[in-house]
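**Student:** based on what follows, work out the 3D shape:
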Amino acid sequence: MEAHEFRQVPRPHAADAVFEQVAASILRGDLRPGDALPPERVLGEKFGVSRIIVRQAVHRLADMGLVRSRAGGSTLVLDPAEARDPRVLELWYRLDRPSARDVRDFVERQIFEGYVIVHIAALRGAQPRLRAAAALADEFLARGAPEGGLLRFETAFWTALAEAGGNRLYVFEVRWWYRLVAEQPRAHRRIASTALVRATFLRDVANRLVDARDAPRFYLQETLPTITGAASPGVPAQPPRAKRSARRTPPRRNLG
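**Tutor:** Have a look, this model is predicted:
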């Protein structure tokens, strides 16, 4: 802990800044389970804030299950993998310097959540809702698939697809994810591909849903290779296969 340096924080929302720096250190492993946090006085000096501000930040960490405070004793770091608070997941997405394992885990989660949404839509999605999702992709492509409009398009598309399936939990998760992306762009760790490629792929998924042509299998077939690229540090995802037509070119992508 002595070797770790925290940055002084601005006065407005100082407790939030202290909380985020310490939480990031715990999630990245700079602070390991069993480590003791320095006393409030020492942390206050490092951050340039009062002990009251530090105490507020530590209480939030304890509330999420990232540390355990003992009356009259040290505050100990807990294992973040054992945390049960869903807010910890959002903190993980907000990290400045994700590890190779973090990137792999992010991509796997997004790909398989996308698969579940597609699968549920294939099981019970009503035709009008599925056609509406396909129309979103057609309209975006008709406008030339502008890069600046990709986030808005994908938010609308995945929300429409989740609503078509009718599972409220996935509708909530899609909305949560894109709210996070809008507020924290660095959380959007997507596999490199153009807006045109991504929109074309999603149009193909939607059209297969409309035509009942095994959209879930198609989705997995085209996205699973992304996991191989993301699982190995320094290995980029494979680009789309050049032999396919513009209409059928799939991206190596994630849900985000």
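
**Student:** hey, let's count contacts and neighbours off CA atoms from now on
**Tutor:** Will do.

**Student:** can you tell me, leaving aside adjacent residues, what's nearest to residue 214?
**Tutor:** Distance criterion CA to CA, 6 or more residues apart in numbering; nearest residue to residue 214, sequence neighbours excluded, is residue 208 at 6.5 Å.

**Student:** just checking, the one you found is part of a helix?
**Tutor:** Yes: counting by DSSP: H, G, I helix; E, B strand; the rest coil, residue 208 is located in a helix.

**Student:** now it: how far from residue 201?
**Tutor:** Using CA to CA, to the nearest Å, residue 208 is found at 11 Å from residue 201.

**Student:** can you check residue 115 too?
**Tutor:** In terms of CA to CA, residue 115 sits 13 Å off from residue 201.

**Student:** hang on, the earlier thing: number of nearby residues for the residue nearest to residue 214?
**Tutor:** 19 (other CA atoms under 10 Å).

**Student:** do you know how far it is from residue 180?
**Tutor:** For residue 208, the distance to residue 180 - CA to CA - is 29 Å.

**Student:** same question, residue 55
**Tutor:** For residue 55, the distance to residue 180 - CA to CA - is 27 Å.

**Student:** again with residue 203
**Tutor:** The spacing between residue 203 and residue 180, counted by CA to CA, is 24 Å.

**Student:** read off the pLDDT value for the residue nearest to residue 98 when sequence neighbours are not counted.
**Tutor:** Distances taken as CA to CA, 6+ apart put residue 28 closest to residue 98, at 7.3 Å, once the chain neighbours are dropped. Per-residue pLDDT puts residue 28 at 87.

**Student:** if I pick residue 28, what's in contact with it?
**Tutor:** Residues in contact with residue 28 (CA atoms under 8 Å, 6 or more residues apart in numbering) are 97-99.

**Student:** are any of those residues buried, and which?
**Tutor:** Using 16 or more other CA atoms under 10 Å as the burial test, the contacts of residue 28 include residue 98 as buried.

**Student:** show the pLDDT at residue 93.
**Tutor:** 81.

**Student:** ok, which stretches of the stretch 1-150 of the chain are helices?
**Tutor:** 14-28, 40-47, 51-63, 87-93, 100-124, 127-142, 150-165 (DSSP state H, counting those that start in this stretch).

**Student:** how about those helices, which one is nearest residue 219?
**Tutor:** Nearest to residue 219 among the helices of the stretch 1-150 of the chain is helix 100-124 (6.6 Å), distances taken as CA to CA.

**Student:** which other helices and strands contact that closest one?
**Tutor:** Counting contacts by 3 or more CA pairs under 8 Å, 6 or more residues apart in numbering; DSSP states H and E, helix 100-124 is packed against helix 150-165, helix 215-231.

**Student:** what about residue 115 and residue 201, which has more around it?
**Tutor:** residue 201 (25 against 20).

**Student:** for that one, give its distance to residue 152.
**Tutor:** Noted for residue 201: a distance of 16 Å to residue 152, by CA to CA.
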